[in-house]
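Visitor: Here is my input, please return the structure:
(chains A and B)
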Amino acid sequence: MTMTHAEAEELLGAYALDALPEAETRRLEEHLAGCPEHAAAAAELRTTQSLLALTGDEVQPPPGLRQRITQAIAANPSQSRTAAGSAPADVVPTRRGSRLPRWAPRRAYLAAAAAVLVSLGVGGVIGYQLSASQQPLVYTFQGDPTRAPGAEARLVYLKDRRQAVLTVSGLPRLTAGHIYEIWLIKGGVPVDEGISADPNGNVAAAISGDVPRFDQLAITVEPGEQQLPTTTPILIGNLRTSSA
Amino acid sequence: MSGEPDDRDGEMAAQLKRGEATAIESLYDRYGRLAYGLALRILNDRNAAEDVVQDAFLGVWRNAGSFDVSRGSLRNWLLSVVHHRAIDRLRGTAKTRREAQLESIERTAGMPDPWEAVALDLERKQILEAFQQLPEAQRLTLELAYFRGYTHTEIARQLNLPLGTVKGRMRMGLEKMRSFLQARGVTP
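Guide: Modelled structure (predicted):
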C-alpha cells in the first residue's frame, strides 16, 4: 500500500495541481512525510501552481458586490478578530471570536498533519491518543450512529506549531441554508472553531491553540454560523484520554 | 490594473489583523477585479463568481489574524482562497453533470504554503508569459486541472491520453513555468 519513490515521483505534478483523487493524495502524503526530497519538490511545484491565479484578466465585478461584502462584515461583528500578536496562549472560552487560522489558507499544517496522520496508521479508536509524547497527537472520532452514521473525523495536533488539523468525511449532506460548525468544548463551554458548507459532507480545518486542553470536539449542523450550538452534535468525541 | 503586492498590502494586512473593516474595502478596491476575474474564469457564471468572491473576502476577513505578511502576499492568499472555493463549487455542481464519477477530494488538505517562497513583487505579465510560452499540450493540461478542476484521470479520459502522459505534462508544465520565471529573477 505504501507508495514507492518512483510512483510518488510521477504524481508530484498532479498533486501540486490538486488533480489527484483523495486516496492517492493520502498515499502520496504518507510518502512525502518521510521523503524530504519529494516534499521539497512538491512545495516548489505548489508555489508555481499558485502563480496560475495571476494569469487571468481582471474583470469588473457587479456594482453591488462591494457593498454586500462590507455589509456582511458589518453584520457579523463576532467575526472580528483579536489584534495581531494576541494569539492565545490559553485557549479557554475567552478565545471566542478570535478567529485564528482554520480554513483553506493553512495548507502547510494541513499537509503536514495529513501526512503524519497517514504515516501513523490511525486506527478507529474513539478519542484515543495514539502517539508518543514527542509525536503529534492523533485522534479519531465517529459520527453519531443516528445523526451521522458512517462519518469519520480525524484530528491531528502538532505540538510544535500549536496547531491542529481536523479532517472529516461522510457527514450527512446539508440542506439549503445550513452549515457545519465545529466546536471545542471545555468545562461544558463550547467555543466556535469555524464553519464549512462542503456539499460533499467533507470538512478540513486547521485549528489554532492548545487543542488538547479542551475536553471535547463536536460538530453541529446550524442554520448559519452561531455563537453557541443550537442543535445536538452530529459528531462528538473526547480529546482527553481517561488517564489525562 | 491592480497594483502589485507592496507595502500597501502589509498595511492592509495589519489593519485586517486589527479587525478594521475598512481594510476589506481597500483590499476589494485593489484586488476585487483580479479575484472576480479568476472566479469568473473558473466558473463561467457571474452569479456563482460573485458568491465565491464574497465568500473569499469574508474568509480572509475571518482568518486575517493568522496572516503572516513575512510569508507571502495578501494578494496571493486572497487569490488562493478564491481559487479553492471556485473549484470546490465547480466540482460540487459539475458532479451530477459528469458521467465520470469524481472522487471526493479534500480540497483544503495537502498543500504547502504557496506563497512562502514567492517574492512579493512578482509581475503578472511575466507570469502570464511563463504560462503562455508552454507547449500547448502542457498549457492545456494545466488549464484543465487548475481552472477546470479536473483530476488527472479525467483529463486523460477527455484527451484520450495515457495517464502517465498527463502526469508528465502536469509536472513538466509547472517546472517549465518555474524555470522561465527563475531565469527572469521573478521567483527565487
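Visitor: For stretch B:73-92, list the C-alpha coordinates in PDB.
Guide: Output of stretch B:73-92 as PDB, limited to C-alpha atoms (Å, rounded to 0.1, in the frame of the first residue of the first chain):
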ATOM      1  CA  SER B  73       1.500  38.400  -0.100                       C
ATOM      2  CA  LEU B  74      -2.000  39.200   0.900                       C
ATOM      3  CA  ARG B  75      -2.900  39.100  -2.800                       C
ATOM      4  CA  ASN B  76      -1.700  35.600  -3.300                       C
ATOM      5  CA  TRP B  77      -3.600  34.400  -0.200                       C
ATOM      6  CA  LEU B  78      -6.800  36.000  -1.300                       C
ATOM      7  CA  LEU B  79      -6.500  34.500  -4.800                       C
ATOM      8  CA  SER B  80      -5.700  31.100  -3.400                       C
ATOM      9  CA  VAL B  81      -8.900  31.200  -1.400                       C
ATOM     10  CA  VAL B  82     -10.800  32.300  -4.400                       C
ATOM     11  CA  HIS B  83      -9.400  29.500  -6.500                       C
ATOM     12  CA  HIS B  84     -10.100  26.800  -4.000                       C
ATOM     13  CA  ARG B  85     -13.600  28.000  -3.300                       C
ATOM     14  CA  ALA B  86     -14.400  28.300  -7.000                       C
ATOM     15  CA  ILE B  87     -13.000  24.800  -7.800                       C
ATOM     16  CA  ASP B  88     -15.000  23.400  -4.800                       C
ATOM     17  CA  ARG B  89     -18.100  24.900  -6.200                       C
ATOM     18  CA  LEU B  90     -17.300  23.800  -9.700                       C
ATOM     19  CA  ARG B  91     -16.700  20.200  -8.600                       C
ATOM     20  CA  GLY B  92     -19.800  20.300  -6.400                       C
END
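Visitor: Please see if that stretch touches chain A.
Guide: Yes: remark: stretch B:73-92 sits within contact range of chain A at B:76-77, B:79-85, B:87-88, B:92, by CB under 8 Å from any CB of the partner chain. All C-beta atoms are positioned from the backbone trio N, CA, C, and that covers glycine.
Visitor: Secondary structure and pLDDT for those - can I get that in a markdown table?
Guide: A markdown table is the format used below for these (DSSP: H, G, I helix; E, B strand; the rest coil; pLDDT from 0 to 100):
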| residue | secondary structure | pLDDT |
| --- | --- | --- |
| B:Asn76 | helix | 81 |
| B:Trp77 | helix | 83 |
| B:Leu79 | helix | 90 |
| B:Ser80 | helix | 86 |
| B:Val81 | helix | 88 |
| B:Val82 | helix | 93 |
| B:His83 | helix | 91 |
| B:His84 | helix | 87 |
| B:Arg85 | helix | 89 |
| B:Ile87 | helix | 89 |
| B:Asp88 | helix | 85 |
| B:Gly92 | helix | 73 |
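Visitor: which one of the residues you listed is nearest A:Ala218?
Guide: Using CB to CB, B:Asp88 is the member of the residues of stretch B:73-92 next to chain A that lies nearest A:Ala218, at 23.7 Å.
Visitor: distance of the closest residue to B:Gly59 other than its chain neighbours from A:Ser208?
Guide: Distance criterion CB to CB, 6 or more residues apart in numbering or on different chains; nearest residue to B:Gly59, sequence neighbours excluded, is B:Val81 at 5.2 Å. B:Val81 sits 17 Å away from A:Ser208, going by CB to CB, to the nearest Å.
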